[in-house]
Structure formats: C-alpha cells, structure tokens
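>>> Turn this into a model:
(4 chains)
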Amino acid sequence: MADYSTQELMIIAAAREIRDGELVFVGMRLPITAYGVARLTHAPNAVGMFEGGVTRYAPAEETLYTMCDPANQRNAAWTTGLIQVMGHLQAGRVDTGFIGGAEIDKWGNINTSYIGGHENVQVKLPGSGGAADIAAMSKRLIAIMNHEKRRLVERVSYITSPGYINGEGGRAKAGIAVGGPAAVITDKAVLRPHGPANELHLSSVHPGHTADEVIENTGWELKTAPGMTETPAPGDAEMTALHQVDREGFWR
Amino acid sequence: MADYSTQELMIIAAAREIRDGELVFVGMRLPITAYGVARLTHAPNAVGMFEGGVTRYAPAEETLYTMCDPANQRNAAWTTGLIQVMGHLQAGRVDTGFIGGAEIDKWGNINTSYIGGHENVQVKLPGSGGAADIAAMSKRLIAIMNHEKRRLVERVSYITSPGYINGEGGRAKAGIAVGGPAAVITDKAVLRPHGPANELHLSSVHPGHTADEVIENTGWELKTAPGMTETPAPGDAEMTALHQVDREGFWR
Amino acid sequence: MIEKICSLSDAVRDLVRDGDGVVIGASLETAIPFAATYEIIRQGKKNLEMIAPISDASTDMLIGAGCVGAVTGAWVGNVSGGLGHNYRRAAEKQIPHALDINDYSNFTIGMALFAGAYGLPYAPVRSILGSDIINSNPAFKMATNPFSTETEPVVLVPPVKPDVAILGVQRADAAGNNHYWGSSGLAQEAALAAERVIIVADEIVEPDVISSDPSRVLVPGFRVAAVCHVPAGTHPAPLTGRWQRDSAFFNDYHARSRDVDGYKAWLDEWVFAVEGAPGYAKKLGDRLSALKIAGSRNAAHANYAAE
Amino acid sequence: MIEKICSLSDAVRDLVRDGDGVVIGASLETAIPFAATYEIIRQGKKNLEMIAPISDASTDMLIGAGCVGAVTGAWVGNVSGGLGHNYRRAAEKQIPHALDINDYSNFTIGMALFAGAYGLPYAPVRSILGSDIINSNPAFKMATNPFSTETEPVVLVPPVKPDVAILGVQRADAAGNNHYWGSSGLAQEAALAAERVIIVADEIVEPDVISSDPSRVLVPGFRVAAVCHVPAGTHPAPLTGRWQRDSAFFNDYHARSRDVDGYKAWLDEWVFAVEGAPGYAKKLGDRLSALKIAGSRNAAHANYAAE
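Below you'll find the predicted structure:
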C-alpha cells in the first residue's frame, strides 16, 4: 500500500467526489489539488471555476498561493469577471462546490463570519467571500474541515453558508431549490447527510482512526451511518496523480 | 454664404444640439455625421456610444453602413457588449440621444412599431431596436424626421419611444425621472417643446421654407414658439467640418 | 479534449429542433452567421422562436421561408435597406402564416438574456416605462421599487433562455473554445443563457492559439455543442478584422423581397440552388474576395507569461 | 485628449475624501493597487467605507491605520495568511475604533456593483437564501418572485455606488484609456459604478497602443479622473503577465500584525518611512526584481484592420 499523509488522504477523498464532465467550483488549497487528481484519474473532462473569474481545464502548472496568481491565468480556458463565473452557480450549472470553514454544525451549516454571532462577536472571521454563494447554489457541496470538537458543533452561532439549516425541508423552507452538503471531509473521517433530516452521520473513518475517536472529537452526538466503513486508502493511480499535481510535495 | 443641401442643414442643426464633453448615444445615418461635425467644431470632447457595444472619441474614418462595421470597431475607445453601453443610459449618464422615427405626435411620442396600433396592424415597422431605451433614459432626446403630414400626427397609434406621453407631467406619471425630446429636426424646421405641457412648437424654420408651409405639413395644429426664428444657415466652419466628415459627399 | 467539429448542416440537423427558441448572432449588425440562417431554411425547420435584439435581415429571411412561429426581440428589418418586407407580410397579411410578436427593446431583451445566462429570477429595469411595449407584450410585470421612499415604478423582465444560440466568431479550436473581438452586443449573454451553442468559425486554429489569450474568449468550449468551420460564414454581415459588410447584397435582398415572387426567386438563387456554405462562397466568387479585409492592424501584444 | 496623468499622492489627495466609499482593486487577489492603500494611510484619510468582494490584506491594513469607518463587502483577511488581525481587533475590541460591517457574499456585492454601474434599481438574486447575511445586513430586502407560480423567495440587493474606484492595470495612456487582461473580478462593475476612477498603471503607453485593441479596454478613459504611473504598484499582489504575488510579504505582514505594536512597526517600516511609491520600490530592491515576470507568452494576434 502506498505511503501517504493525512492531507494526501483528504485530497484523494475530495477528488473522488468529483465526477467526470462536471463543472466544479474549485476554491483554493486542498480542493484545487483534489481537482487536479480527479482530472488525471477518473474525471478527465471536469471543468474548474474560480470565483475571481478564472475557468480552467487542466490545473495550473505551478503551485498557486491564490486563485488569481499569474500561473492560474496563463493557459486558462477563460479569464473573465466574477459575475460570469458565479452566474453559472446561480443558473444551476455548477455540479460540485468546495468550501472550507471554521465551524460546522450537524446540519452542515458553516460559519466563517462571527464566532459568537454578529450581535456578540467573540472572534471575527474573514466572512463569506464566495462561500455563501457556493453553499446555496451548487448542486452538491463538499466541505473540508479539521476535526476538532470546537469546530464541529451542535449549532453554529452564525450561518454564513447554509447547509440543511434546521434539518428536514430546511433548504426548501428558505427557498433554496437544490443542493446541500454531500460530504464533509475532515482529517479523521468523512461525514455525510443521512435520513430525511439530512443530519451529518459518520460515513467512513480514515485508516488509523476509530469511530469512537471521531465521535469523541465531534461537538454533537455523532451517529454512524448504516454501512459505515473505513475510508479506502489511496490507490497507486491516485497517488501517482497526486504526485504529478503536487510536484513540490507541499501536502506530503 | 455656403452652399448646402437640406440634409446638410439638418446635420448641422443636429450637431448644434451636442454640447462639449457630453456622452452622446449616436445612432446611424444623419446623427453620426452630426456627431462628427460637433467633434470638429464646438464639442471636441464629446464621446459617442453605439448600442451594439462601440464607444468612440473620433468618428470612424470611412463611411459606415451600420454601427458595427469594421471601420467603426477599429480605433474605437471601447468595444464591448450592449449592456455595458446601454447601462450607461439607464445609469443616467447619457446626455444626448438621437433617434429617428416613422411617426411622431405633438407630445414627441414616436412610433416605430405598428402603424394602426398593435391590435389592428396596418403597417408593421421594424420595432424599437434601442429607440425606446434611448427615449426613456437619455437626459435630452433629439428626433430626426421627414416633415410630412402623415408622419407628424396628433396622436401616434403606438408609443414605441415615449416623449412627453400626454403632456404635462406625463413622463413623471409614467415613472420616468428625466429627459424627453429637446428638439425635433425635420427637413423643414426645428420643433421644440414649449410650456408646462411640453407640446411641440415651431421653434425655427429652415431657410427657403415658411412657417405657413411647415404648419400646413404638420398633422396637428402646430403653434409657433415665442421668438420663433429662421434656422441659422450653416457657417463656414461648420461646412468645412461637414466636408471633412462626409468625405464622399453622401449628404450633399 | 472532446472534438466538436462538424458540418454546419449536421449541426443544424442535430441541434436545431422545430419549435426551438433560436438566437442567430445577437451582436446586432456584425458577426451574424447567415450561413446558419440559410441552412435552417434549406432544412425547412418550422415554428422557430427567433430571439434577438437586432439581427439585420436574417430574421426577415427566415420569416419569409416559413420557418418562424414567433419573434422575441426588438427589431426585424434590413438595417441599410429599411423595412423587412417578409416581416410586414407576415404581421399584416399572415403571409406565409401568422406570427406571434413578443415586443422588446434592445436593452430589455438584453437584460432578459442576462437573467437567463446568470440565473437571475428576473431583471428590474427603468426602461420602456411610458412605452406601449409594456402593453403589447404581457411578459413584463410592473412593480414598485421597494428601496425608494417615493413611489417609483420599475419594469420586471423575466429571463429568456434560448434552446440554441448560433454565433459567428473569428476563430475557434476543435473543442469549441473561441476568440471574438469587436463589439459583441448580446452574444455572450445569449450563448450562456442557451441550452446548446453552435459556433460558426471563420477559422479553425490549434488549441494553444485560443489558450494564449483567455481574456478574448467569448464562450468557453465546455458550453459549446458544435463548431463549424465556415469561412466568411457571416456574409453578408461583417466580421471585425476579417470581412466587410456586403451592403449591396442587403439592398438587393431588400429590393427583390418587396413581393413574394421576388423573394422566392431570391431564395431559390441564394439558398436552395447553392450547395451549402461552400457553394454559396463559390457563387460569390470575386465579390467575396473584394470584401475580404486584406490590411493588418494588429492588437498590441499582451503577455501572459507566469515566470 | 484631456491629460489626466498625475502623481498618486495628488490623485489620492484630490479624489479620495474622508467618508468616501472606496474600492481598491475589486479583482479579488490580483491587480490590487496597494500603492494606493499605502498612500491613503500616509495621508491619514478617515472614516472610509471600504467596498470589495475580497481585497486580500489591503482592507486589513487600512483598518489598523484608523482610516476605515465601514466595511461593505464579503471578506477581510489575508488570503495566504488567514485571519485579518486588524479586522479582528476592530470588530472584537474596537481597536483602533469601532467599525460598521455590512455583510455581503462575493456574488451579492457583485450584483450590487453591477446594479450601481448600469442603473438597475436593484438586483434580485437566489443567493444568500438561508444565510444569516440576510439577517445581519439590513440592506437586503426579501421578496417573492412574481414570475413563479409557487411561492419562491428572492433576495433584493440594492445598488452600491462607490465614490472612488482605484484600479490596477497593466497599461494606460495619458487620457486614462487602459488595457487589462486576466481575471477581472468586479473591477469593471466597480469602476463604472463609481463617481471617480483612479487608474494605477504599471506602464504608460501611447494612445495608439490602447486604441489598437478596444476589446481589451477595462474602463474607457472618459470615465477616468486620474492616471498614475506606478510600476509594480500592485505589490505585493500579482499582476497578470507582469508581477508575481509576493506571498512572503503577505505572510510577514500577517505575523507582524498579530499585535498592535508589531503592526505599527510594520506600518512605520513599509508605509511611513518610505517616500511614496518610488521609495517603496527602492526599499524592495532585488526582491522586486525577483518578482518581475521575465518570460514572454504573448497572446495570439488579433487583426482590427478595416480595409
């Protein structure tokens, strides 16, 4: 079996969420590498969009620090404005969107604005950026998080990016036609919504971790999904692709 | 005194309506030549917009058949989309707009859609194009018409492009904040709104024509404005500029 | 890379269906792919809803040929000629048949396509207030601006989403990525609002030509269904830096389409008797050569290097 | 042609007023004219309303310097560093003073600037439904889509019209006409919505360079109030084809701004102790040379000849 880091496993788990031919709202850091791995393995016809106005087929050849770096502009499929790319979200054309977050709750709602709520600010986070838009309007949302009890909480103090809001029918009641979190990929596990209420359940545990440990590190009473399993370890083809994308070994 | 054709007089009368530094929605045919004359005489800093998405400082060097001809694209100040240029209209940034018309009434309403009205079509005209937008949203509208009794009518059968609608307060009642026809330039005269009702009055009669003749050829009881005068004949500088713009003598 | 190159006749056969909402051009007087207009007539498509701000004489030709059930747009005529005779006959005398006319202004059809492209539920505008367009087209709704302290009417424009948009461009690659320069009217909004996009390219180039300048892309290839290589496929409309407008052709069409027989003869000569786009170009012969822009006024360089 | 070239310090002095709504950049992480950020701090402007989707660390710097009264935007932080320490101190502890925060998402501030640019009374969107942004920012209004047969909520976004937009571009002429390539975020909407536009150009060129390619124009010169020639004026932000991002600079700022004293020392070193943009470039020295993109990957030619 291949040797891999936790972050490499997370990247490959994220890559598996991208299907061939999909339009993907990529985001920075881990997801952009996941997009590259997906393109090189099972999704050669995926298309990646960045909210600054970049659309790409093949990922950039150099390591990016931001989505607007010169290397992401060169050989892009389209460099345009924010409305043109985020308009694809609103038109319902984006299949998969990736976002990160500081705080997530059991309905998959994410807070990147105000810890403590906006009336009683304890920690001021940077804000939505495009996250609220991606969460509301992608057909399928993938969230990437560190698995800490203070980050996976019963109820976020401010919903920047809506998940299933209050559970069953929550999105429909808010007027959101589609979407919702399909997976939350952490450094310990993959959580997925389950049942009509779409509460996040433990779907797979990363190799080297246990369900008990994951539950212990979750701020709500995390239930396990039927058929819960171990997250499949990266395969050789996936690792080869990852090494091709992550030339400098940033994620090793 | 310079020798000039009726159309050359109309062009120069139209050019005089453009003030220096203004943003002008130019339109084709006669107004585009008027714009060129204005730039070369009293309005060197005027800017011209064309609804297809062209913005120019100096007019095109060759005769244009349409606003989108290659000669209008080359050396333009900006070639972009329709929304970008017509958005300047809606943002209230366009000072002067030019349109033509098949039928105009005493309130300056213009019909380029349906003679007979849309329920009882006698003649189907091409439609608004951008005329309704230019008429509603320019600060000052200049209409160019042939002076025929069947074209200058008591009441148009369909308002494509609103003038003062029903007279006093007509635009405000319709929710239009600004604008309205400032001048109607025909082959016989210049009409301008007068009084609180903004009814079109005879403002000046072109040399070689009489007020009686103009009134006779108007489909409503045309009143003369106080201080009615003769349209000033083209001056030498104006004719020189016109000959520079109309190199091929199309309007001679 | 998915190859999308095919003949224009295949693209029209497979992607334009009877009853479709169709955009041809949408850049007003430039880059209208008349080759597609002719091909649609040749294939006898029916009951199309033609969507456009202004498409010079293209819509008039299609109406006369009996292809059109509805016009959703701002203007149908012949830009240098004047009135559209076929449009008049259809609207005034139901010849060849009756037509639904959905009146717009250029700006309102623009905002309708913008809303369609980018998923807005509708677009509120300040235009066409005071115009009978509000009365003759029931698609619009009136509302009051909730952000104004005074009663301020606004017009709500619903989205328009064409089934097919057919666009002329200077160059494209085999995957449908393309470059366009010069004024673009509503071409980008129309394409991004459409379910299917057909690119009619004056030139086919290698992919690295297009990717050398991603800010010049009109419609990215992943939104394109077919690419057709038709040199001068916009004739008689112009194409910036490539082809002059053939104004004499428009005037001839205008004169001959004044009556039905003249129009039919014109149609036989320029559409049915020629074998597709290559036959049309051959028939034009020297006339086409004379319209070709031979000069060279290149855009200043733009560097995209990243190191 | 009206000449609009002036020094950046003159432009900021004359065109940025205390209390103004100000956009710096608006292309998210690229082309942010940090030279203007620094000059605004140097001149001690007060009570500005900073408008932006994301402007990397620029807004955080201005907040710490006490220039900002309100943030109208989607994100304030340090893109590669993480949180914005000055933003936190202002929001959590009113250091250096309290801040009004008007929450938006990138798309909603985008549509607000679009509405401002093109005169829409407001923009109805499907985004931020279900988000507390609707609750924490009273600017938005809820409505029901009148075109839907079901009850379909939509969010109405009012126009945002900045007093000043300051944009970084690759090149401009003396009249303010300019070329920009690469992703542009909301730069064009911000500029066209603004009352006054300041262009910070990496290079000044002859007018015929700009007019050679009117489709590459970001903002036409007639909408521009001032043009300032500041080579590398976007440092530490990148500029497509010209300058790499100086990520180490952002990280250093992030580390040093963790406490007030560290931030003040950073400010003294990089803003107050240098003499304007030329002094800043001189201080960067070889570090700036290393960021310069030396390669050449030119866009394919585009012909605009008309004969």
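>>> Check the gap between A:V214 and A:A102 for me.
Noted for A:V214: a distance of 19 Å to A:A102, by CB to CB, to the nearest Å. C-beta: built from backbone N, CA, C; applies to glycine.
>>> Which pLDDT value belongs to the closest residue to A:Y4 other than its chain neighbours?
Sequence neighbours aside, A:P234 is the residue nearest to A:Y4 in space, at 5.1 Å (criterion: CB to CB, 6 or more residues apart in numbering or on different chains). Turning to A:P234, the model gives it a pLDDT of 96.
>>> got the contact list for the closest residue to chain A within chain C?
Of all residues in chain C, C:Y118 sits closest to chain A, at 2.8 Å by CB to the nearest CB. C:Y118 is in contact with A:83-84, A:87-88, A:90-91, C:192, counting by CB atoms under 8 Å, 6 or more residues apart in numbering or on different chains.
>>> pretty sure C:T108 is in contact with C:P158, am I right?
No: taking contacts as CB atoms under 8 Å, C:T108 lies outside contact range of C:P158: 10.3 Å.
>>> higher neighbour count, these two?
Ranked by neighbour count (other CB atoms under 10 Å in any protein chain shown), C:T108 and C:P158 place C:T108 first, with 30 against 20.
>>> what is in contact with C:T108 and C:P158 at once?
Residues touching both C:T108 and C:P158 by CB under 8 Å, 6+ apart: C:F140.
>>> Got the phi and psi for A:R171?
With angles defined as degrees, to the nearest 10, A:R171 sits at phi -70, psi -40.
>>> quick one, strands of the stretch 101-250 of chain A?
Listed in chain order, the strands of the stretch 101-250 of chain A (DSSP state E, counting those that start in this stretch) span A:103-105, A:110-111, A:114-115, A:123-124, A:140-144, A:152-153, A:181-185, A:189-194, A:199-205, A:224-230.
>>> Within the sheet, what are the partner strands of the third one, with directions?
Within its sheet, and counting by DSSP bridges, strand A:114-115 is paired with strand A:123-124 (antiparallel).
>>> how deep is residue 207 tucked in, by neighbour count?
Here I'm looking at chain A. 14.
>>> not quite, I wanted chain C
The burial count for C:P207: 17, using other CB under 10 Å.
>>> next one: the one 4 residues further on
Counted by other CB under 10 Å, the residues lying close to C:S211 total 22.
>>> Need the nearest residue in space to it, chain neighbours excluded.
A:N75 (4.6 Å).
>>> repeat for A:R192
Per CB to CB, 6+ apart, closest to A:R192 is A:S203, 4.1 Å.
>>> Any stretches of the chain with poor pLDDT?
You didn't pick a chain, so chain A it is. A:1-2 (pLDDT under 70).
>>> wait, chain C
Using pLDDT under 70, the flagged stretches of chain C are C:1.
>>> of all the residues in it, which ones are close to chain A?
Chain C comes close to chain A at residues C:1-2, C:116-120, C:177, C:188, C:192, C:208, C:211-212, C:214-215, C:217, C:220-222, C:304-307, as judged by CB under 8 Å from any CB of the partner chain.
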